[in-house]
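[1] Show me how the following folds:
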Amino acid sequence: HCQLHPLVTVFRSSQNTRPCRGSTRCAEDAKLGPGLRRGSTRCASAGFTLLEILVAFTLLALAMGIIMQIFSRGVNGADLADRYAKAAMLAESKLAAIGIEEVLAEGSYNGQFDDNFAWTMSVRAYISAAEPATLSTLETNALANAQATGVGGTIASTLTPTAASTTLGNVDIDALMFVRLYEVELSVAFTTDDGRQRMVTLNTMKIGPRI
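    Got it, this is the predicted structure:
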């Protein structure tokens, strides 16, 4: 039999006598005791307890509820803004038609655009709050034209405005003025999804025939 070199013999013996990692860990765990073993600590930290899972699900449910409320409010706010914009557009369209497509006369009116939007309108003759007893610019111009053309006979030098009519000498101003200024107020009402009544109101001044 051939003999191996001494160095080879030592190398083989060192490989054969290398301790197992598992056995070393087991030995260390045995020294630490049953309450402080590394394996038990590693196993405990590798998962979650039932209490931790329940707490996590509770927090997730609360967070989802808050997020859904915020999202719902955002959607409702966008829908309300869209309805306000539509109501304002309908009111502007109705006001534009008054005096052109529809006769402008004093009174109260109402109607329905569709199932969701209804309108009410009030038309009244405009009276200046600053000068209730003086003639308007249109009436003054009409008097000047009447005086220049000699309409209505002799023009007196004094003005006598009254509540029923305004005269200048023998000239009936109401008869001369075939138009006057009207104050128009239009409101468009609609109902939101939560049952609340909302309204958009627009005011304007229009010149219409004297009726």
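[2] okay, now the domains of this structure?
    Domain segmentation of the chain under automatic domain parsing yields 1-47, 71-209.
[3] which stretch in those domains has the least confidence?
    By mean pLDDT, the lowest-scoring of the domains of the chain turns out to be domain 1-47, with a mean of 51.
[4] and Ile70, what element?
    helix 50-97 (DSSP states H and E).
[5] which strands and helices sit next to that helix?
    Packing partners of helix 50-97 (3 or more Cβ pairs under 8 Å, 6 or more residues apart in numbering; DSSP states H and E): strand 117-125, strand 179-191, strand 197-209. Backbone N, C-alpha and C define where each C-beta goes, glycine included.
[6] In JSON lines: those strands, plus mean neighbour count and distance to Gly77.
    Formatted as JSON lines, the helices and strands packed on helix 50-97 follow (neighbours: other Cβ atoms under 10 Å; distance: least, Cβ to Cβ, whole Å):
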{"stretch": "strand 117-125", "mean neighbour count": "16", "distance to Gly77": "19"}
{"stretch": "strand 179-191", "mean neighbour count": "18", "distance to Gly77": "16"}
{"stretch": "strand 197-209", "mean neighbour count": "14", "distance to Gly77": "13"}
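[7] Make JSON lines from those and add distance to Glu102 to it.
    Formatted as JSON lines, these follow (distance: least, Cβ to Cβ, whole Å):
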{"stretch": "strand 117-125", "distance to Glu102": "10"}
{"stretch": "strand 179-191", "distance to Glu102": "11"}
{"stretch": "strand 197-209", "distance to Glu102": "10"}
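[8] To Glu101, which of those lies closest?
    Smallest distance to Glu101 across the helices and strands packed on helix 50-97 (Cβ to Cβ): 12.7 Å, for strand 197-209.
[9] Please identify the pairing partners of the closest one and their relative orientation?
    strand 179-191 (antiparallel) (DSSP bridges).
[10] that older thread, which one of the helices and strands packed on helix 50-97 lies closest to Ile67?
    strand 197-209 (27.3 Å).
[11] what does the closest one rub up against?
    With Cβ atoms under 8 Å, 6 or more residues apart in numbering as the test, strand 197-209 has contacts from 80, 83-84, 87-88, 91-92, 95, 98-99, 103-105, 126, 178-192.
[12] Okay, angle between it and helix 50-97 too, please.
    10 degrees (axes from the mean of the first three to the mean of the last three Cα atoms, to 10 degrees).
[13] from here on, count from 160
    Sure thing, new numbering starts at 160, so read that last one as strand 356-368.
[14] and strand 356-368 with strand 276-284, angle?
    Put simply, strand 356-368 runs at 40 degrees to strand 276-284, going by the same axes, to 10 degrees.
[15] ok, back up a step: which of the helices and strands packed on helix 209-256 sits closest to Ala222?
    strand 356-368 (32.5 Å).
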